[in-house]
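Enquirer: based on what follows, work out the 3D shape:
(one chain, ligands or ions: 2)
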Amino acid sequence: MNAPGDTSRAGADRDGHVFELELLGGNTERRFRKMRPEVEAMPWGTLDLSAASPEDLAAARMAWTGAAYQEHRTAAACAITLRALIEARAPIDLIAVASRFPLDEMVHVELCARMAMECGGGTEIVFNPSQMVLDPDPNERALMRAAECAVRFFCVGEAISIPLLRATWHVAQHPLPKAVLGRIVKDEAAHGVFGFSFLDWALPELSERDRVVLGHAADKAIRFVYQQWDYTARHRRNPSHDGDVLGWMRTDDYLELARRSMQAHVIDPLEARGIPISAQLPETVPAAAR
Ligand SMILES: [Fe+2]
Ligand SMILES: [Fe+2]
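Expert: Residues are numbered from 1 along each chain as shown. Ligands and ions are numbered 1, 2, ... in the order given. Okay, here's the model as predicted:
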């Protein structure tokens, strides 16, 4: 996402695409709506923005557009994981459960994009489709490719997002963001446990060396999250007035919960499974926010 006047994307790779979305409509949309009827049942069009300042609205539009893009990336991560699970001949029921995840994420994409529209419209994001998510190491065997996806995308990415989403849902007051976040929280609960269910099945087949390799993969994903915290800490947001249309958490609360969640829901459970983590919690970034 680029701030107004930010020219950095002028130098972005030539494969840059603007993140825009559409629905095909007709029978396809009807089938989609039938699969997830709760989306249309949400109280769309009920946000009263009259008390919101232009800054609130701009922040809300950027945040929901960014969230839509992150959900879109996660859909790609779920699809890559699914392929790896099938190639690794993971248990049928485990694969079947994971096959719902890309659909969940596309629902989340639509929900977040519609929230941005409710707040006045999406903001511009330029992205490279070839670099949305990192594929697993093609030189590894099928089981390790699946394990790498499970660790990076689920044991780290999804597991850290769940307590944060749940807390955000708790502070949301208006029925519309409450319904949107509630739906996402409900779906993500299954995503969060999936990575560890996979690992518990795969562990007997993973050597010491495999676990070290997976630890490096987890480190990479964890450090990526730390970078996001760094950005969040530098773009603080502490809404406290009635006109706040985001209804999202105060930055300090968010970062504090993020720290605790990373330890309890990511690092501890990975290490309990013999996967060594080097990317321990940084002292500086979150400490500066407390
Ligand atoms: Fe999601
Ligand atoms: Fe998810």
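Enquirer: name the helix or strand for residue 219, please.
Expert: According to DSSP states H and E, residue 219 maps onto helix 208-234.
Enquirer: for that helix, buried residues please.
Expert: Neighbour counts over helix 208-234 (16 or more other C-beta atoms under 10 Å) mark 210-211, 213-215, 217-219, 221-222, 225-226, 229-230, 232-233 as buried. All C-beta spots, glycine's among them, are computed from the backbone N, C-alpha and C.
Enquirer: next SSE downstream of that helix?
Expert: That would be, after helix 208-234 and using DSSP H and E, helix 251-261.
Enquirer: so which elements touch whatever helix or strand comes next after that following helix?
Expert: Next along the chain after helix 251-261, taking DSSP H and E as the criterion, comes helix 268-272. The criterion is 3 or more C-beta pairs under 8 Å, 6 or more residues apart in numbering; DSSP states H and E, and there are no helices or strands that helix 268-272 contacts.
Enquirer: give me the residues contacting helix 268-272.
Expert: Contacting residues not belonging to helix 268-272 are listed as 151, 155, 159, 196, 215, 218, 277 [C-beta atoms under 8 Å, 6 or more residues apart in numbering].
Enquirer: what is the nearest of those residues to ligand 2?
Expert: Each of those was checked against ligand 2 using C-beta to the ion; the closest is residue 159, at 10.1 Å.
Enquirer: count of residues packed around the closest one?
Expert: The local packing of residue 159 (other C-beta atoms under 10 Å) involves 24 other residues.
Enquirer: try residue 204
Expert: 6.
Enquirer: and it, which of the three is it?
Expert: Under DSSP: H, G, I helix; E, B strand; the rest coil, residue 204 falls in the helix class.
Enquirer: any low-confidence regions in the stretch 1-150 of the chain?
Expert: Across the stretch 1-150 of the chain, residues meeting the criterion (pLDDT under 70) sit at 1-14.
Enquirer: look up the closest residue to the residue of it found nearest ligand 2, ignoring the ones flanking it.
Expert: Using C-beta to the ion, the single residue of the stretch 1-150 of the chain nearest to ligand 2 is residue 74, 5.2 Å away. Distances taken as C-beta to C-beta, 6 or more residues apart in numbering put residue 105 closest to residue 74, at 4.9 Å, once the chain neighbours are dropped.
Enquirer: that neighbour contacts residue 72, correct?
Expert: Yes. With the criterion set as C-beta atoms under 8 Å, residue 105 and residue 72 qualify as a contacting pair; they are 7.5 Å apart.
Enquirer: the helices in the stretch 1-150 of the chain, which residues?
Expert: Using DSSP state H, counting those that start in this stretch, the helices assigned to the stretch 1-150 of the chain run over residues 26-35, 54-87, 92-98, 101-118, 142-149.
Enquirer: comparing the ones you listed, which stretch has the densest surroundings?
Expert: Mean neighbour counts were compared across these using mean count of other C-beta atoms under 10 Å; the top stretch is helix 142-149, at a mean of 24.
Enquirer: and the contacts of it?
Expert: 77, 80-81, 84-85, 87-90, 136-138, 140, 198-199, 202, 205-206, 210, 213-214, 217.
Enquirer: likewise for stretch 122-137?
Expert: With contact meaning C-beta under 8 Å, 6+ apart, stretch 122-137 is reached by 1-2, 9, 12-13, 15-20, 61-62, 64-66, 68-69, 72-73, 76-77, 80, 84, 113, 116, 144-146, 148-149, 152-153.
Enquirer: follow-up on the earlier one: how about the contacts of helix 268-272 in CSV, adding pLDDT and distance to residue 27?
Expert: As requested, the contacts of helix 268-272 are exported to CSV (pLDDT from 0 to 100; distance: C-beta to C-beta, whole Å):
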residue, pLDDT, distance to residue 27
151, 98, 39
155, 98, 38
159, 96, 37
196, 98, 39
215, 98, 47
218, 98, 43
277, 98, 48
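Enquirer: with distance to ligand 2 and secondary structure as extra columns, can I get those in JSON lines?
Expert: Conversion of the contacts of helix 268-272 to JSON lines gives the following (distance: C-beta to the ion, whole Å; DSSP: H, G, I helix; E, B strand; the rest coil):
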{"residue": "151", "distance to ligand 2": "15", "secondary structure": "helix"}
{"residue": "155", "distance to ligand 2": "13", "secondary structure": "helix"}
{"residue": "159", "distance to ligand 2": "10", "secondary structure": "helix"}
{"residue": "196", "distance to ligand 2": "14", "secondary structure": "helix"}
{"residue": "215", "distance to ligand 2": "23", "secondary structure": "helix"}
{"residue": "218", "distance to ligand 2": "17", "secondary structure": "helix"}
{"residue": "277", "distance to ligand 2": "21", "secondary structure": "coil"}
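Enquirer: fine, thanks again, bye for now.
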